[in-house]
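Chemist: Quick one: sequence plus predicted model below, questions after.
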Amino acid sequence: MIFQRTFQLVLAERKTQTRRIIRSERPPCKVGGTVAVQPGRGKKAVGRIMVTALSRERLGSITEADARAEGFANRGEFIETWRRMHGQFEDDTEVWVITFCLAE
């Protein structure tokens, strides 16, 4: 899984959740499974995470607690970063919410 801008937060266990735009009805990973943490596409893995929960929700449903789990200080900072990365923040965009912990 690519964490280009946030892989250091993942490794420091300050990021335990990520949101990915739903492009397929098939979830991107399985609960209980592990995936590599990559700092960029094609880059060598720097760690592994284990998926602990997976859900589907509207992007606009993100709470302050969710934003902190995403590694941000607050919801506004998350929204600002999302806009920089994706061009826009639309409340109705459907996303996968992937909750994880570092795998040992």
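Modeler: That came through, no problem. Small disclaimer: the values here were computed from a predicted structure and weren't measured.
Chemist: In this structure, which strand is the longest?
Modeler: In the chain, ranked by residue count with DSSP state E as the criterion, the top strand is strand 47-58.
Chemist: which residue ranges form the helices in this protein?
Modeler: For the chain, the helices defined by DSSP state H cover 7-11, 64-69, 75-86.
Chemist: between the ones you listed, which one is nearest to residue 96?
Modeler: helix 64-69 (13.1 Å; CB to CB). (C-beta placed from N, C-alpha, C; glycine too.)
Chemist: What lies in contact with the closest one?
Modeler: Contact with helix 64-69 is made by 15-17, 73-75, 77-78, 97, 99, as judged by CB atoms under 8 Å, 6 or more residues apart in numbering.
Chemist: Among those residues, which one has the most neighbours?
Modeler: residue 78 (22 neighbours; other CB atoms under 10 Å).
Chemist: Verify the stated contact: that one with residue 62.
Modeler: Yes. Contact criterion CB atoms under 8 Å: residue 78 and residue 62 qualify, at 6.3 Å.
Chemist: Residues that sit against both of the two, list them.
Modeler: residue 70.
Chemist: Kindly state the beta-bridge partners for the spatially most central residue of the chain.
Modeler: Taking CA atoms, centre = their mean, the centroid of the chain lies closest to residue 18, which sits 1.3 Å from it. Going by DSSP bridges, residue 18 is paired in beta bridges with residue 98.
Chemist: Tell me the helices and strands packed up against the longest strand of the chain.
Modeler: helix 7-11, strand 34-37, strand 94-102 (3 or more CB pairs under 8 Å, 6 or more residues apart in numbering; DSSP states H and E).
Chemist: Distance from the chain centre to the second one, please.
Modeler: What it means is strand 34-37. Computed by CA atoms, centre = their mean, to the nearest Å, the chain-centroid distance of strand 34-37 equals 12 Å.
Chemist: List the buried residues for that strand?
Modeler: 35, 37 (16 or more other CB atoms under 10 Å).
Chemist: Stretch 30-49 now?
Modeler: Within stretch 30-49, the residues that count as buried by 16+ other CB under 10 Å are 35, 37-39, 49.
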